[in-house]
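1. give me the fold of what follows.
(one chain, ligands or ions: 1)
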Amino acid sequence: MITTPFTFVATSEAIAQVGGIPVFADIELDSYDIDPKEIEKKITNKTTAIIPVHLYGQPAKMKEIMDIASKHNLKVIEDCAQAFTSKYTYPDGKQAVTGSIGNAGCFSFFPAKNLGCFGDGGMITTNDQAVYENAKMLRNHGSRIKYSSKYTGIITP
Ligand SMILES: Cc1ncc(COP(=O)(O)O)c(C=O)c1O
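-> Purely as a prediction, here's the structure:
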């Protein structure tokens, strides 16, 4: 999975946790966000997804990233940990809130974030029914039906 090297370690950690290998594409110097041109250079037949990080509330170049993803049949997971309610502006002036553009968006409600909760917390946004069902199962011991686990769930310390 392709992501930026200029992020908190959690981004590449998430890739490693699902058995993936983080592949880093360099950033743009004016925004510090991942550079779409660098993403294209890193794509191989093993690439499955792109994880742009909207750093400091500044959305990555999502139009270019979504175009690359659709050309190469890749998923896009937006790391929105630092971009709660940020708005991305398309070249034609239309706007979209971060987390609503890719296949899924991941938010952090860690106390230091713009919207902090009491302890650790987060949110996944998606318009993909399968991602929604899987995420709900993973947070509940991999199960939809009580005492019947399809996956190993995620246990947070
Ligand atoms: C860009 C980025 N991604 C992911 C995370 C991880 O968030 P959490 O600690 O809620 O898992 C952070 C937290 O600092 C972050 O800044």
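
2. how's the protein carved up into domains?
-> The chain breaks down by automatic domain parsing into domains covering 2-126, 128-157.

3. what are the buried residues along the last one?
-> The neighbour-count criterion (16 or more other C-beta atoms under 10 Å) identifies 131, 134-135, 137-138, 141 as the buried residues of domain 128-157. Any C-beta I mention is one placed from the backbone N, CA and C, and that applies to glycine too.

4. residues contacting residue 42?
-> Neighbour list for residue 42: 2, 23-25 [criterion: C-beta atoms under 8 Å, 6 or more residues apart in numbering].

5. just to revisit the earlier point, lowest average pLDDT across the domains of the chain?
-> Lowest mean pLDDT of those: domain 128-157, a mean of 89.

6. is that one anywhere near the ligand?
-> No: using C-beta under 6 Å from any ligand atom, domain 128-157 stays clear of the ligand, coming no nearer than 9.2 Å.

7. which residues touch residue 57?
-> With C-beta under 8 Å, 6+ apart, residue 57 has these contacts: 82-83, 86, 114.

8. could these go into CSV alongside secondary structure, distance to residue 49 and neighbour count?
-> Converted to CSV, these look like this (DSSP: H, G, I helix; E, B strand; the rest coil; distance: C-beta to C-beta, whole Å; neighbours: other C-beta atoms under 10 Å):
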residue, secondary structure, distance to residue 49, neighbour count
82, coil, 19, 19
83, coil, 18, 27
86, coil, 21, 17
114, coil, 25, 14
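
9. now these in CSV, with distance to the ligand?
-> Below are these laid out as CSV (distance: C-beta to the nearest ligand atom, whole Å):
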residue, distance to the ligand
82, 5
83, 9
86, 12
114, 11
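
10. for residue 64, give its distance to residue 103.
-> Taking C-beta to C-beta, to the nearest Å as the measure, residue 64 and residue 103 are separated by 16 Å.

11. repeat for residue 89
-> Computed as C-beta to C-beta, the residue 89 to residue 103 distance reads 21 Å.
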